[in-house]
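> Provide a 3D model corresponding to the input given below.
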Amino acid sequence: NDSVLYMPKANKLMAIQQRHQPSKWYNCNVQLYSVEEKEWTDLTELFSVWPSTARVLTPDERYLIVFGGRENDYIHIVDMKRKDQFGWYKVILSVMRCPIRSYGSSWFAFL
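As a prediction, this is how the structure comes out:
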């Protein structure tokens with residue numbers, strides 16, 4: 001479920017690659033590329049707990065919505081405009097949940 005999201009307003013690319021580890025755990029490699037600065041920013045730590053997810057970026061590029069994950073039904077909302085005191089994007093756990101848990105399968109999201 002690898003993907004690349006283009007953010008035209010920010011002129012950035014978000015590359016998401018799900019990786020299988022020898023321990024049979026999956027995690028994500030997430031990189032944000034600034035077309036203007038020609039520079040990659042590693043966001044992997046932010047997303048390492050969200051394997052087998054579906055992701056969709058809102059049209060205004062403000063929020064990245066992350067659905068499901070390995071054996072859960074959570075919906076996380078990442079505010080791409082706000083960062084905390086450590087420089088991490090603000091993540092909100094939604095009160096709404098996915099209709100079913102994903103057990104080893106991946107979600108797909110369309111907006």
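> quick one: average pLDDT of the helix or strand containing Phe67?
Per DSSP states H and E, Phe67 falls inside strand 63-68. Mean pLDDT, strand 63-68: 84.
> next one: stretch 31-40
91.
> List of residues touching that stretch?
Residues outside stretch 31-40 that contact it (C-beta atoms under 8 Å, 6 or more residues apart in numbering): Asn11, Lys12, Leu13, Met14, Ala15, Thr41, Asp42, Leu43, Thr44. Where you see a C-beta, it was placed from the backbone N, CA and C, and this is true even at glycine.
> list the buried ones in that stretch?
Under the neighbour-count criterion of 16 or more other C-beta atoms under 10 Å, stretch 31-40 has Leu32, Tyr33 buried.
> Endpoints of that stretch, how far apart?
End-to-end distance of stretch 31-40 (C-alpha to C-alpha, to the nearest Å): 6 Å.
> Kindly report the same for stretch 93-100.
16 Å.
> so Ile100 sits in a helix?
No - assessed with DSSP: H, G, I helix; E, B strand; the rest coil, Ile100 is coil; it does not lie in a helix.
> Give me the neighbour count for the closest residue to it other than its chain neighbours.
Closest residue to Ile100 apart from its sequence neighbours, by C-beta to C-beta, 6 or more residues apart in numbering: Asp73 at 6.6 Å. Neighbours of Asp73 under the rule other C-beta atoms under 10 Å: 15.
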